[in-house]
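K.L.:
I'd like to go over a predicted model; first the sequence, then the structure.
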Amino acid sequence: MRQDKKPVKKRSGWIVILRMFLIVLFLALALVGGAVVGYVVLGKQDIHDILEWSTWRHVFDLVFAP
């Protein structure tokens, strides 16, 4: 029984780094987009409140309330 193995194609280091960077970038954009849609569109609040620490502290308190 003979198995023909195809040679494994190695990826360049910069392609792997670029792919990881794009994944992190898209995750950050999804986080910001979700915050805007959830807080501004659905919650009908001001978009500048997203950047305030007190807003995120309030969200944290709501999620982890005893």
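P.N.:
Done, it's in. Numbering: from 1, shown residues only.

K.L.:
over to Lys10. Which of the three states is it?
P.N.:
Three-state call for Lys10 (DSSP: H, G, I helix; E, B strand; the rest coil): coil.

K.L.:
and Gln45, how many neighbours?
P.N.:
13 (other C-beta atoms under 10 Å). C-beta: built from backbone N, CA, C; applies to glycine.

K.L.:
against Ala35, how distant is it?
P.N.:
According to C-beta to C-beta, to the nearest Å, Gln45 stands 11 Å off from Ala35.

K.L.:
with Asp61 instead?
P.N.:
17 Å.

K.L.:
neighbour count for the two, which is higher?
P.N.:
Ala35 (16 against 9).

K.L.:
so who does the more buried one touch?
P.N.:
Ile50 (C-beta atoms under 8 Å, 6 or more residues apart in numbering).

K.L.:
and the residue most central in space within the chain, which helix or strand is it part of?
P.N.:
In the chain, the residue lying closest to the centroid (C-alpha atoms, centre = their mean) is Leu27, at 1.8 Å. According to DSSP states H and E, Leu27 maps onto helix 13-35.

K.L.:
only alpha carbons, please: show that helix as PDB.
P.N.:
Extracted in PDB, the C-alpha atoms of helix 13-35 (Å, rounded to 0.1, in the frame of the first residue of the first chain):
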ATOM      1  CA  GLY A  13       6.300  34.400   8.900                       C
ATOM      2  CA  TRP A  14       4.900  37.800   7.800                       C
ATOM      3  CA  ILE A  15       1.700  36.100   6.500                       C
ATOM      4  CA  VAL A  16       1.100  34.500   9.900                       C
ATOM      5  CA  ILE A  17       1.700  37.800  11.700                       C
ATOM      6  CA  LEU A  18      -0.600  39.600   9.200                       C
ATOM      7  CA  ARG A  19      -3.300  37.000   9.800                       C
ATOM      8  CA  MET A  20      -3.100  37.300  13.600                       C
ATOM      9  CA  PHE A  21      -3.100  41.100  13.300                       C
ATOM     10  CA  LEU A  22      -6.200  41.000  11.100                       C
ATOM     11  CA  ILE A  23      -8.000  38.700  13.600                       C
ATOM     12  CA  VAL A  24      -7.300  41.000  16.500                       C
ATOM     13  CA  LEU A  25      -8.300  44.000  14.400                       C
ATOM     14  CA  PHE A  26     -11.700  42.400  13.400                       C
ATOM     15  CA  LEU A  27     -12.300  41.400  17.100                       C
ATOM     16  CA  ALA A  28     -11.700  45.000  18.200                       C
ATOM     17  CA  LEU A  29     -14.000  46.300  15.500                       C
ATOM     18  CA  ALA A  30     -16.700  43.800  16.500                       C
ATOM     19  CA  LEU A  31     -16.400  45.000  20.100                       C
ATOM     20  CA  VAL A  32     -16.700  48.600  19.200                       C
ATOM     21  CA  GLY A  33     -19.600  48.000  16.700                       C
ATOM     22  CA  GLY A  34     -21.400  45.900  19.300                       C
ATOM     23  CA  ALA A  35     -21.100  48.700  21.900                       C
END
